[in-house]
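Participant: Just need the structure, nothing else, for what follows:
(one chain, ligands or ions: 2)
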Amino acid sequence: MNPARVQQILGSFDKIRILVLGDFMIDEYRYGRAERLSPEAPVPVILETGVRQLPGGAGNVVKNLESLKIKNTALGVCGQDQEAEVMRGLLSGCEELSLIADRSRPTTKKMRIVAGTQQICRLDQEDASSVPREVEDEIVSRADRMIPSCDAVIISDYDKGVVTERVIESCIRSSHEKVFISVDPQVSRFGFYHGVGVLTPNHHEAGRFIGMRLETDAEVEKGGRLIMQKLSPRMLLITRGEKGMSLFEGDSVRHFPTRAREVFDVTGAGDTVITVFTAVIAAGGTPEEAVFLSNQAAGLVVARLGAATVTREEILFGHEHPERS
Ligand SMILES: Nc1ncnc2c1ncn2[C@@H]1O[C@H](COP(=O)(O)OP(=O)(O)OP(=O)(O)O)[C@@H](O)[C@H]1O
Ligand SMILES: [Mg+2]
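Facilitator: Residues are numbered from 1 along each chain as shown. Ligands and ions are numbered 1, 2, ... in the order given. Purely as a prediction, here's the structure:
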């Protein structure tokens, strides 16, 4: 892609607004030093030296949007607890933050205890059952109000109960086929997404949905076409790790390799793909441009530790200096 065109698309990011709907959570890291063995149990005693809290799940998509300076609104659920305030704080950059407090569940939190560079354990606080009916009603009515003022919706389903079948159907209805909907589907709900803008499963998830192994180009082509027939999305983007991505649109399929990198941490690559792909389409880019730029952005992210994000400059720079990206 020529740099002037990349710059033009990045410039158009100023004009778009994206709604992120899904499972928001807190990623917490408690760092410390392993001092000695506990007299109470055969476990180390850790002296805490620092705490880091980050928006996780759908919150990581928001983080990706913020890093690209794209206006975003967020719709999700939290508990009625102290963590809910932490979550609001972590998402305070949203133009409109719509978190529905569900008294029946805790705010989803994943806490890791890390001694030196070693993760000792993870403590999860969550209730992953579907939200109760009255909360679902509220999600549906807020989505219906929020979607028309956005250029695109990213449904970020981490299987924590927010994205129910009825929420999915109502989002698709509220978009009136005008607002672009992107989904990184959970395999269990894959089949509910009929007629969305783009589905972005990885090859394992896509394969599980149709009961096939999707490794080679030929296998991916066959499986992808089957998914296109079943669900009729405008596009299907199957991500394939170091092999890059395959894009299906109507009857066409194209494979986009990537420069395989040494992976430091693949966490969050999927969120970067869906964020950049959706933003480029919302900003008026073509599907090829969206694939090119999201492939490149994800390549940058996997080479970093933690759920990393990219900036506009890095997208442009990565493009201008491929040997250094
Ligand atoms: N080794 C790699 N080298 C270069 N790019 C990579 C590598 N691994 C992943 N990527 C990039 O990240 C994209 C998404 O990776 P992958 O298909 O593994 O997604 P995922 O398993 O859904 O990720 P996540 O764990 O974040 O959900 C790929 O399409 C590619 O652009
Ligand atoms: Mg993924």
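Participant: Surely Ile227 is in a helix?
Facilitator: Yes. Per DSSP: H, G, I helix; E, B strand; the rest coil, Ile227 lies within a helix segment.
Participant: Setting the sequence-adjacent residues aside, check what's closest to it.
Facilitator: Take Ile227 and drop its neighbours on the chain: the residue closest to it by CB to CB, 6 or more residues apart in numbering is Leu236, 5.7 Å away. All C-beta spots, glycine's among them, are computed from the backbone N, C-alpha and C.
Participant: per-residue confidence for that neighbour?
Facilitator: Leu236 is assigned 98 on the pLDDT scale.
Participant: Just give me the residue right at the centre of this structure.
Facilitator: Among the residues of the chain, the one closest to the centroid is Asp271, at 3.1 Å (CA atoms, centre = their mean).
Participant: Roughly how far does it sit from Tyr158?
Facilitator: Distance from Asp271 to Tyr158, counting by CB to CB, to the nearest Å: 10 Å.
Participant: and what of Val114?
Facilitator: For Val114 relative to Tyr158 (CB to CB), the value is 22 Å.
Participant: which one of these two has more residues nearby?
Facilitator: More crowded of Val114 and Tyr158, by other CB atoms under 10 Å: Tyr158, with 21 against 18.
Participant: Do I have it right that that one meets Leu21?
Facilitator: No. Using CB atoms under 8 Å, Tyr158 is not in contact with Leu21; the gap is 11.7 Å.
Participant: thinking again about what came up before, pull the contacting residues for the residue nearest to Ile227.
Facilitator: Leu236 makes contact with Val198, Leu199, Ala206, Gly224, Ile227, Met228, Leu247, Phe248, Glu249 under the criterion CB atoms under 8 Å, 6 or more residues apart in numbering.
Participant: Helix or strand: which one has it?
Facilitator: If you go by DSSP states H and E, Leu236 is part of strand 235-239.
Participant: Near ligand 1, which residues of the protein? Just list them.
Facilitator: Remark: the part of the chain in contact with ligand 1 comprises 202, 239-242, 244-245, 258, 260-261, 263, 266-271, 273, 295, 298-299, 302, using CB under 6 Å from any ligand atom.
Participant: Please pick the buried ones from these.
Facilitator: 202, 239-241, 244-245, 258, 267-271, 273, 295, 298-299, 302 (16 or more other CB atoms under 10 Å).
Participant: Just to be careful, could you list which of those residues are in strands?
Facilitator: When those are checked against strands (DSSP state E), the matches are Thr239, Met245.
Participant: number of nearby residues for Arg259?
Facilitator: Neighbours around Arg259, by other CB under 10 Å: 12.
Participant: which parts of the strand or helix carrying Ala4 are buried?
Facilitator: Element membership of Ala4 [criterion: DSSP H and E] is helix 3-12. Residues Val6, Ile9, Leu10 are the ones in helix 3-12 that count as buried (16+ other CB under 10 Å).
Participant: Who are the packing partners of that helix?
Facilitator: With contacts defined as 3 or more CB pairs under 8 Å, 6 or more residues apart in numbering; DSSP states H and E, the packing partners of helix 3-12 are helix 287-302, helix 312-320.
Participant: let's see it at 6 Å
Facilitator: helix 312-320 (3 or more CB pairs under 6 Å, 6 or more residues apart in numbering; DSSP states H and E).
Participant: From the contact counts, what lies against the helix it packs on?
Facilitator: Helices and strands touching helix 312-320, by 3+ CB pairs under 6 Å, 6+ apart, are helix 3-12, helix 287-302.
Participant: ok, the residue of the stretch 51-200 of the chain found nearest ligand 1 - contacts?
Facilitator: Nearest to ligand 1, among the residues of the stretch 51-200 of the chain, is Asp184, at 7.0 Å (CB to the nearest ligand atom). When contacts are counted by CB atoms under 6 Å, 6 or more residues apart in numbering, Asp184 is found next to Thr200, Gly270, Ile274.
Participant: ok, which stretches of the stretch 101-250 of the chain are strands?
Facilitator: For the stretch 101-250 of the chain, strands defined by DSSP state E, counting those that start in this stretch occupy the ranges 109-115, 118-125, 152-156, 180-184, 198-199, 235-239, 245-249.
Participant: Give me the sheet partners of the fifth one and which way each runs.
Facilitator: With DSSP bridges as the test, strand 198-199 is paired with strand 180-184 (parallel), strand 235-239 (parallel).
Participant: same deal with the last one?
Facilitator: Strand partners for strand 245-249, identified by DSSP bridges, are recorded as strand 235-239 (antiparallel), strand 252-256 (antiparallel).
Participant: Next, the buried residues of the last one.
Facilitator: Neighbour counts using 16+ other CB under 10 Å place Val253, Phe256 of strand 252-256 among the buried residues.
Participant: what are the bridge partners for the residue lying closest to Glu48 once chain neighbours are set aside, then?
Facilitator: Computed as CB to CB, 6+ apart, the closest residue to Glu48 that is not its neighbour in sequence is Gly32, at 4.5 Å. Legend: beta-bridge partners of Gly32 under DSSP bridges are Glu48, Ala115.
Participant: from memory Gly32 sits against Thr49, does it?
Facilitator: Yes. Gly32 lies in contact with Thr49 (CB atoms under 6 Å); the separation is 5.2 Å.
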